[in-house]
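Participant: quick one: sequence plus predicted model below, questions after.
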Amino acid sequence: MNTPQPFTRRTFLRSMLFTALAPAAHASTSSPHHGTIDAHVHVWTPDTHHYPLAPGFTHKDMKPASFTPAELFAHCRPSGVKRIVLIQMSFYQFDNRYMLDAIARHPGVFRGVGIVDETKPNVRNTMKALAAQGVRGFRLYSDRKKTAAWQHSAGMKAMWSCGADTGLAMCLLADPGALPAVQRMCQAYPRTPVVIDHFARIGMKGPVRQKDLDLLCRLADFPHTHVKTSAFYALGAKKAPYTDLAPMIRRLRDAYGASRLMWGSDCPFQVQDGHTYANSIALLRDRLDFLTPEDKHWMLRKTAEKVFFS
């Protein structure tokens, strides 16, 4: 039997100190600023001998000439970003090796979104093999013409079906005009995780149009569909502090809930031409008073964690 210790002045003071510190300790671990995840980054290397560019691409397409994980960390770590979702870069096309090697070299830091050729046989097996190496989604280039053909493509049907069975996400670089066809795919494959990149690029070529935003909000009817609030440098006024995007973010938060929105920088493009990484993350962390601490926790960490790291 344990004998209780006498309650002295020293134990009283220690007890009071613990009580005073406990709320602060809890706040630090539950803060939305803790362990932020950047859900959208591209990396590449100037070493095109070991990692050759796909046919049709040249060194001129690599702007900047280099953006390696080390260069990324110099931007993201000062902002408290601990984990990153890597998006396969277009000029490597179906050769995902550089992204996979980055995942392997930094255990627990990266997850990947790969690119596969859906016209090749056994695309499901290709997806599963990449999933075993840290890939959790697949990028689909989603303009109006391509998405209209998806419902007649055996390979695309196989990809969406595999996504439903395995939890691998279809990650769409979509234009607003593609969203009706995306809606039809979501209806056909309601269990497939879907992630819409960069607000479906609404506001990229002009002001944010409400009819485009209405189309994007209709996809909120599908509970496995998510939206990246990302690429602020390219949308709306295209100028920090990016607060002109606040009404669109608020509309999406109200339609989807913060638990289906995630932040991404879209580096290295977010850190070019006078734009900064800190300004991108600050929009959600500091500049939108309608976002609650819980909203920020989801958008800056938990949603991406759920989709790409679970």
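Facilitator: Nice, thanks for sending it over. Numbers count the residues shown, from 1 in each chain.

Participant: residues touching the residue nearest to His198 when sequence neighbours are not counted, list them.
Facilitator: Nearest residue to His198, sequence neighbours excluded (C-beta to C-beta, 6 or more residues apart in numbering): Ala231, at 4.1 Å. (Glycine included, C-beta is placed from N, CA and C.) By C-beta atoms under 8 Å, 6 or more residues apart in numbering, the contact list for Ala231 reads 40, 197-199, 201, 264, 266, 269-270.

Participant: now Ser142
Facilitator: 172-175, 178, 182.

Participant: separation between Met156 and Ala188?
Facilitator: In this view, Met156 and Ala188 are 10 Å apart by C-beta to C-beta, to the nearest Å.

Participant: quick one: the strands in the stretch 201-310 of the chain, in order.
Facilitator: Taking DSSP state E, counting those that start in this stretch, the strands of the stretch 201-310 of the chain run over residues 225-230, 261-264.

Participant: from the ones you listed, which stretch is densest packed?
Facilitator: Ranked by mean neighbour count under mean count of other C-beta atoms under 10 Å, the strands of the stretch 201-310 of the chain are led by strand 261-264, which reaches a mean of 26.

Participant: let me know the secondary structure of the residue nearest the centre of the chain.
Facilitator: Centroid-nearest residue in the chain: Ala39, 2.4 Å away (criterion: C-alpha atoms, centre = their mean). Assigned with DSSP: H, G, I helix; E, B strand; the rest coil, Ala39 falls in the strand class.

Participant: follow-up on the earlier one: okay, Met156 and Ala188: which has more neighbours?
Facilitator: Met156 (20 against 14; other C-beta atoms under 10 Å).

Participant: quick one: pLDDT of the more buried one?
Facilitator: At Met156, the model reports a pLDDT of 97.

Participant: list the buried residues in stretch 153-171.
Facilitator: Buried residues in stretch 153-171, counted by 16 or more other C-beta atoms under 10 Å: 155-160, 162-164, 167-171.
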